[in-house]
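Enquirer: Task: produce atomic coordinates for the following.
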Amino acid sequence: MDALSKIFDDIHLNRTEYIYLKTQGEWSFLCHEQPALIVHIVLVGSVYIQLNSQNSLTANAGEIVIITSGKQHTGANNAVRKLVNALDISNLFDGHKNEAIEFGTESVEKNLILTVRCEMDTIMARPFMQALPEVIHVQHGETTAPEWLQIGLHFLALETQNIQAGRDIIIDHLVSILLIKCIRDHIQNISTKHGWLSALNHPELSYALASIHNQPELAWTVESLAEQCCMSRSKFASLFHEVIGESPLAYLQQHRMRLASKYLRKSNYSIQQIANMVGYTSETAFSQAFKRTYELSPKPYRQKFLES
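Expert: Reported below is the predicted structural model:
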């Protein structure tokens, strides 16, 4: 599995929930910060999205806005300060799947926005979220929306209104496909050659990242990772640090600890089993490394999440 695919698998986007926002006239909404990707898909009309005074945009019909950070933001019919109260949509995802939420003042101007919330493992997603911008705006300007986007949005709109067996899993997969495609296009279009996102698309380093993410249990060395990239040890180590900003083994260690955290929080594996799954033969050595990262040994760390 390539690096980007495995990273999305690790992040484990799930519990896709959605609501239709049917607005008119003067309107605004508020979405509080949460551990999820928030996606606004504009089907009809437009929406003005604002995270803060420095980060705002207008999305038109056929465009997508991804709030990668899950940060608090507002949506409105335009940038003008509203006299109407903002509708808090943060807790509206449950129970509104089959009916549009209508709000706004009387007007012939109508808007229809499909807003999607995808929960994710925020610890596993941390490097991903830190590397992405807070907002990704998939837009097409004066041109027609790309065919993949038209087909994807059409299929998604049909499925969300189609109350049939298997609908939830189909929507989960459709949203994942759209998100991966949007983020992949963003990665391919970034101009810098430095940073974690650039490495995912790098003709050589992407093989090392894929190896680390696919087989974290192996006893990787700088030499063996360099072999995956068909490079010398010194050239690989230098390039990895230049692009990603840390050494290959430091990156490997951080990924292993995030993975161990996920297993401790979400599985019944024993600590020895988890140690083996992230490349440690010794439970003691694993526990010491884990504590250096999370300031708790594996057992009390797991207990903390069981009690929460």
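Enquirer: What residues sit buried inside stretch 79-93?
Expert: 87, 89, 92, 93 (16 or more other Cβ atoms under 10 Å). To be clear about C-beta, it is placed using only N, CA and C from the backbone, and glycine gets the same treatment.
Enquirer: do stretch 222-236 as well
Expert: 222, 225, 226, 227, 228, 229, 231, 236.
Enquirer: In a markdown table: those, plus secondary structure.
Expert: Shown next, in a markdown table, are the buried residues of stretch 222-236 (DSSP: H, G, I helix; E, B strand; the rest coil):
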| residue | secondary structure |
| --- | --- |
| 222 | helix |
| 225 | helix |
| 226 | helix |
| 227 | helix |
| 228 | helix |
| 229 | coil |
| 231 | coil |
| 236 | helix |
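Enquirer: Let me see the ranges of the helices in the chain.
Expert: 3-11, 126-131, 147-160, 167-189, 196-200, 205-214, 222-228, 233-244, 248-266, 271-277, 283-294, 298-307 (DSSP state H).
Enquirer: where do the strands sit along the stretch 1-150 of the chain?
Expert: 14-24, 28-31, 36-44, 46-52, 55-60, 64-67, 73-76, 87-88, 101-104, 110-119, 135-138 (DSSP state E, counting those that start in this stretch).
Enquirer: Give me whichever of these is most buried.
Expert: strand 64-67 (a mean of 24; mean count of other Cβ atoms under 10 Å).
Enquirer: With only the CA atoms kept, save it in CSV.
Expert: Extracted as CSV, the C-alpha positions of strand 64-67 are listed here (Å, rounded to 0.1, in the frame of the first residue of the first chain):
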residue,chain,number,x,y,z
ILE,A,64,-15.8,21.9,-1.6
VAL,A,65,-14.4,23.4,1.6
ILE,A,66,-12.5,21.0,3.9
ILE,A,67,-11.8,22.3,7.5
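Enquirer: What strands flank it, and is each parallel or antiparallel?
Expert: strand 36-44 (antiparallel), strand 135-138 (antiparallel) (DSSP bridges).
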